[in-house]
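**Q** mind looking at a prediction? Sequence and model below.
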Amino acid sequence: SPQLIQRLLGRASYTTRQEQEAEMLATLLRLRASTLPETGTPRDVLGRLGAALGTPVTDTR
């Protein structure tokens with residue numbers, strides 16, 4: 001039902017500052033990723049993260 005989906009996907013309240021910040025970051029990443037042009041799909045996690053952030057991400061291990 002639409003109410004169940006809204007309850008599962010939506011957030012009505014936050015319990016901690018970290019949770020609020022995590023939700024804000026997730027929202028910003030989703031908005032950024034939705035506006036990127038389709039230029040191919042990076043194969044690894046760091047490549048996808050870099051594409052979402054608009055900057056290269058390198059593995060420093």
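**A** Thanks, I have the structure now.
**Q** could you pull out the strands for this structure?
**A** Using DSSP state E, no strands are found in the chain.
**Q** for it, what's the longest helix?
**A** If you go by DSSP state H, the chain has its longest helix at helix 17-35.
**Q** return the alpha-carbon coordinates of that helix using CSV.
**A** What follows is helix 17-35 as a C-alpha-only set of coordinates in CSV (Å, rounded to 0.1, in the frame of the first residue of the first chain):
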residue,chain,number,x,y,z
ARG,A,17,22.6,14.6,15.1
GLN,A,18,24.6,11.9,13.3
GLU,A,19,21.5,10.4,11.9
GLN,A,20,20.3,13.8,10.6
GLU,A,21,23.7,14.4,9.0
ALA,A,22,23.7,10.9,7.4
GLU,A,23,20.3,11.5,6.0
MET,A,24,21.3,14.9,4.6
LEU,A,25,24.4,13.4,3.0
ALA,A,26,22.4,10.6,1.4
THR,A,27,19.9,13.2,0.1
LEU,A,28,22.7,15.3,-1.4
LEU,A,29,24.3,12.3,-3.0
ARG,A,30,21.0,11.1,-4.5
LEU,A,31,20.4,14.6,-5.9
ARG,A,32,23.9,14.9,-7.3
ALA,A,33,23.7,11.4,-8.9
SER,A,34,20.4,12.1,-10.5
THR,A,35,21.8,15.1,-12.3
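**Q** could I get the buried residue list for that helix?
**A** Using 16 or more other CB atoms under 10 Å as the test for burial, helix 17-35 gives no buried residues. For every residue, glycine as well, the C-beta is placed using N, CA and C.
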